[in-house]
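structure of the sequence below:
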Amino acid sequence: MSTGPATRQEEFGHDGAVSRDAATPDALSECGLLANAVAGKPVALGLVTDVPYTDGSTIYVPDRSGPDLRDAVVVQAALIAQGTLDPSLRPLLRSRHDGATRFLVLETARAAAAPWLLPPALRARIHDVYAGPVATSARGSAAIAAGRDPVPEPPWWFGELRLRTFKARPGGPESPGPEQSAGGAETAEDPADEPDDGTEDEGEESRILKALTTPTGGPVARALSKLFGGTSKAGGDDSVDGNELAVSGARASRDPQTGRLRRSAIALLTPSARPTVIGRTYPEWDVGSDAYRPAWCTVVEYDPAPRPEAIAPVAPADHRLRRELARLATTTQRRRHQLDGDSLDTTALVDVEVDRRLGEDTEPRIFESRLRTGRDLGVMVLLDATGSTAEVADGPTVFDEQRLMVHQLAACLEELGDRVAVQAFYSRGRGSVRFLRVKDFDGRYDTAARTRLGTLEPQGFTRLGAAIRHATHVLSTKAGTANLALVVVGDGMPYDDGYEERHAREDSRMALREALAAGVGCVSLGIRSSVPESVRTDVWGDVVSLNLERADELPQHIRPALGSALQLAASRKRAPGGTAHR
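Have a look, this model is predicted:
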């Protein structure tokens with residue numbers, strides 16, 4: 001995040017009162033992280049002396065503090081995310097002298113109508129300003145703004161739209177991007193919703209595929225679902241009910257050049273090609289009631305959607321990092337047939353005596369010893385792939401540097417023979433916490449895994465507690481080692497729809513306590529994180545949390561950090577009542 005020069009000024013608050021409190025650095029840092037998360041891309045912050053606005057890459061806000069500042073930033077970031085700054089709309093908005101102002105109110109209301117984009121408190125506040133009809137697109141909002149329907153004046157924290165700044169690419173991420181399921185099929189728009197291309201057989205095929213693939217496609221869909229042993233939910237919702245179940249389904253897509261239906265999509269309906277997605281529900285700690293909200297969050301695992309332009313991370317082997325990791329979680333191994341050692345190897349002694357009686361001159365390797373040469377370590381490297389990690393800092397994004405750190409960790413751990421898994425996560429509300437599989441414990445960190453890592457892009461929000469709980473479950477059930485470690489690579493800032501401030505921090509801390517009680521040592525690694533130190537302390541507590549200046553600093557910190565984490569987990573697991581919530 002960057003801030004531009006500005007002069008301090010008097011600003012009017014929500015009730016018209018003058019506020020002279022300047023924004024603190026911590027407040028601006030937190031606002032910058034929220035802007036990246038909501039906008040779904042790197043967004044800078046600049047200070048101005050008038051009302052908030054954005055040009056699509058920078059959000060300009062007055063130098064003031066309080067909740068109005070945060071709401072102003074989030075509103076402007078939401079306008080970027082949903083493609084409000086479409087330059088083709090300028091002529092329509094200029095048909096009225098107040099067209100841009102009316103359009104701003106309507107687009108802010110449209111952002112509030114998307115439950116995954118804004119927090120509930122802000123959605124309610126926007127609804128208090130405008131509760132009228134809301135369009136489904138920016139062009140629809142522009143049409144209403146150009147008409148005669150009543151639209152109220154916006155409060156100052158809505159900001160303003162400056163038509164000359166409409167340079168952003170239209171059509172931001174209005175909905176979660178397509179994810180690839182375990183079977184390799186990418187979710188696309190339902191072909192039945194697209195205009196007919198005029199080919200009779202294509203239209204017939206489209207209707208057939210709609211009947212077969214739409215979750216509510218009637219008796220045929222239900223019969224096929226029962227036949228193939230899969231389930232699907234109405235509306236294509238990724239939410240999963242129950243403790244663990246499989247969600248199966250796929251949709252056909254059209255060729256982007258010709259608009260014709262891809263006939264190969266029919267192959268997705270065969271049992272062998274049907275994708276399977278595994279989901280689990282987890283509780284969430286409610287600090288207000290001092291109790292868990294049972295089955296509150298749903299975590300679903302996917303394979304990352306492929307991107308043709310994705311480049312697998314490539315970096316020379318870090319021998320310092322490998323050397324430091326090699327000294328962790330070693331166990332004693334019995335080494336037989338040694339020239340010297342702690343005790344006699346009776347079997348080897350008999351073999352040597354037999355060889356001598358047969359006239360063979362053999363080396364007397366008749367001892368055995370126990371050396372600390374064994375490895376018994378399972379590590380989950382969890383990459384925070386949320387929008388708040390998209391900050392740019394004089395070159396590559398922080399996310400790119402953190403991804404490279406994940407690559408180095410995974411490569412070194414696999415070379416050492418440790419059990420290692422690599423996953424990434426982001427969320428869009430409690431019902432859609434998404435884990436993106438890069439490498440499973442039983443897989444190899446090969447070119448395919450590195451390419452999957454290269455396809456990741458920051459998006460969405462950070463429901464950190466649910467992510468930690470799912471990572472703890474995967475480690476406990478699939479690592480198969482005595483020593484377990486979770487390395488979270490990200491900025492350590494929890495934030496999501498209905499998951500903010502104290503509630504988010506306390507739930508994240510509770511999830512970390514559950515992980516420690518399950519014997520999972522936890523470490524947080526970040527690079528130049530702008531999260532205030534007070535927030536990091538609230539979230540991570542006595543868990544090791546490192547904020548590095550550069551990725552190449554990792555070797556000098558990794559062994560003491562992981563060593564402390566494993567020791568803390570061992571002590572907490574031995575403590576009375578040390579069991580994780582599952």
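
distance of residue 89 relative to residue 49?
Distance, residue 89 to residue 49, using CB to CB, to the nearest Å: 27 Å. For the C-beta atoms, the positions are set from N, CA and C on the backbone; glycine is no exception.

who's more crowded, those two?
residue 89 (25 against 13; other CB atoms under 10 Å).

mind checking the SS state of the nearest residue to the more buried one once chain neighbours are set aside?
Once flanking residues are discounted, residue 89 sits nearest to residue 142: 4.6 Å by CB to CB, 6 or more residues apart in numbering. What DSSP: H, G, I helix; E, B strand; the rest coil gives for residue 142 is helix.

tally of neighbours for the closest residue to residue 165 other than its chain neighbours?
Nearest residue to residue 165, sequence neighbours excluded (CB to CB, 6+ apart): residue 55, at 3.9 Å. Using other CB under 10 Å, residue 55 has 18 neighbouring residues.

how much space between residue 55 and residue 139?
20 Å.

next one: residue 559
57 Å.

for residue 358, same thing?
For residue 358 relative to residue 139 (CB to CB), the value is 93 Å.

which one of these two has more residues nearby?
residue 139 (14 against 8).

check the secondary structure at the closest residue to the more buried one other than its chain neighbours for me.
Excluding the flanking residues, the one nearest residue 139 by CB to CB, 6+ apart is residue 89, at 6.6 Å. Three-state assignment for residue 89 (three-state DSSP): helix.

same question, residue 434
Residue 434 - assigned by three-state DSSP - is strand.

tally of neighbours for it?
When neighbours are counted by other CB under 10 Å, residue 434 comes out with 24.

give me the phi and psi angles of residue 498.
Taking degrees, to the nearest 10, you get phi 70, psi 20 for the backbone angles of residue 498.

quick one: residue 471 and residue 380 touch, right?
Yes: counting by CB atoms under 8 Å, residue 471 touches residue 380, with 5.1 Å between them.

list the residues that are in contact with both of the two.
The contact sets of residue 471 and residue 380 overlap at 423, 486 (CB atoms under 8 Å, 6 or more residues apart in numbering).

mind listing what the closest residue to residue 311 other than its chain neighbours touches?
Leaving aside its sequence neighbours, residue 311 sits nearest to residue 454 (CB to CB, 6+ apart; 5.0 Å). With contact set as CB under 8 Å, 6+ apart, residue 454 has these partners: 310, 311, 312, 313, 403.

what do you get if the cut-off is 10 Å, keeping everything else the same?
Residues in contact with residue 454, defined by CB atoms under 10 Å, 6 or more residues apart in numbering, are 304, 307, 309, 310, 311, 312, 313, 314, 400, 403, 407, 438.

just put the residues you listed in CSV and tack on pLDDT and neighbour count.
Listed next are these as CSV, based on pLDDT from 0 to 100; neighbours: other CB atoms under 10 Å:
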residue, pLDDT, neighbour count
304, 86, 21
307, 78, 12
309, 71, 6
310, 72, 16
311, 73, 10
312, 76, 15
313, 76, 17
314, 71, 9
400, 87, 18
403, 91, 24
407, 93, 25
438, 93, 28
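
can you put these in a markdown table and add secondary structure and distance to residue 566?
Shown next, in a markdown table, are the contacts of residue 454 (DSSP: H, G, I helix; E, B strand; the rest coil; distance: CB to CB, whole Å):
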| residue | secondary structure | distance to residue 566 |
| --- | --- | --- |
| 304 | coil | 29 |
| 307 | coil | 36 |
| 309 | coil | 39 |
| 310 | coil | 34 |
| 311 | coil | 34 |
| 312 | coil | 30 |
| 313 | coil | 26 |
| 314 | coil | 30 |
| 400 | helix | 29 |
| 403 | helix | 25 |
| 407 | helix | 23 |
| 438 | strand | 23 |
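
of these, closest to residue 31?
residue 400 (22.7 Å; CB to CB).

hang on, the closest one packs against residue 313?
Yes: taking CB atoms under 10 Å as the definition, residue 400 is a contact partner of residue 313 at 8.9 Å.

all strands of the stretch 301-450 of the chain, in order?
330-338, 343-344, 367-375, 377-384, 419-427, 433-439 (DSSP state E, counting those that start in this stretch).

quick one, phi psi at the residue lying closest to residue 321 once chain neighbours are set aside?
Nearest non-adjacent residue to residue 321, counting by CB to CB, 6+ apart: residue 555, 4.4 Å away. Reported as degrees, to the nearest 10, the phi and psi values for residue 555 are phi -60, psi -40.

which residues touch residue 555?
Residue 555 touches 318, 319, 320, 321, 322, 323, 324, 325, 408, 412, counting by CB under 10 Å, 6+ apart.

in helices only, show me those residues.
319, 320, 321, 322, 323, 324, 325, 408, 412 (DSSP state H).

could these be laid out in CSV, adding neighbour count?
Converted to CSV, the ones in helices among the contacts of residue 555 look like this (neighbours: other CB atoms under 10 Å):
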residue, neighbour count
319, 10
320, 14
321, 21
322, 16
323, 12
324, 21
325, 23
408, 22
412, 24
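
which one of those is nearest to residue 422?
Distances from residue 422 to the ones in helices among the contacts of residue 555, taken by CB to CB, are shortest for residue 408, at 11.4 Å.

do you know the pLDDT at the closest one?
Residue 408 is assigned a pLDDT of 92 by the prediction.

same thing with residue 535?
The model's pLDDT for residue 535 equals 83.

next one: residue 513
Confidence score, pLDDT, at residue 513: 94.

let me know the secondary structure of it.
The three-state label given to residue 513 by three-state DSSP is helix.

surely it and residue 572 touch.
Yes: if you go by CB under 10 Å, residue 513 and residue 572 touch, sitting 7.8 Å apart.

compare the two (neighbour count), which wins?
More crowded of residue 513 and residue 572, by other CB under 10 Å: residue 513, with 20 against 17.

distance check, that one against residue 433.
19 Å.

then residue 327?
35 Å.

quick check on the two: which one has the bigger neighbour count.
residue 433 (29 against 11).

so, low pLDDT: which residues of the chain?
1-29, 65-66, 115, 167-278, 329-337, 341, 369-374, 389-395, 574-582 (pLDDT under 70).

tell me the domain ranges of it?
11-165, 191-274, 319-325+376-574, 332-373 (automatic domain parsing).

mean neighbour count, these: which tops it?
domain 319-325+376-574 (a mean of 21; mean count of other CB atoms under 10 Å).

hmm, back to that, before we move on, which element is the residue nearest to residue 311 in?
helix 447-455 (DSSP states H and E).

which parts of the stretch 51-200 of the chain are helices?
67-81, 90-93, 99-113, 120-129, 138-146, 200-213 (DSSP state H, counting those that start in this stretch).

can I get stretch 468-485 in CSV, CA atoms only?
These are the backbone C-alpha positions of stretch 468-485, laid out as CSV (Å, rounded to 0.1, in the frame of the first residue of the first chain):
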residue,chain,number,x,y,z
ILE,A,468,-6.5,-23.2,10.4
ARG,A,469,-9.1,-25.7,11.5
HIS,A,470,-9.2,-27.4,8.1
ALA,A,471,-5.4,-27.5,7.8
THR,A,472,-5.2,-29.0,11.3
HIS,A,473,-7.7,-31.7,10.3
VAL,A,474,-5.7,-32.5,7.1
LEU,A,475,-2.4,-32.7,9.0
SER,A,476,-3.8,-34.9,11.8
THR,A,477,-5.4,-37.3,9.4
LYS,A,478,-3.1,-37.5,6.4
ALA,A,479,0.5,-36.5,7.4
GLY,A,480,1.2,-39.8,9.2
THR,A,481,4.1,-38.4,11.3
ALA,A,482,4.7,-37.7,15.0
ASN,A,483,5.8,-34.1,14.4
LEU,A,484,3.2,-31.9,12.7
ALA,A,485,3.7,-28.3,11.6
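
if I look at the residue nearest to residue 321, how far off is residue 382?
20 Å.

try residue 316
Residue 316 is 24 Å from residue 382, by CB to CB.

surely residue 559 and residue 325 touch.
Yes: using CB under 10 Å, residue 559 is in contact with residue 325, at 7.1 Å.
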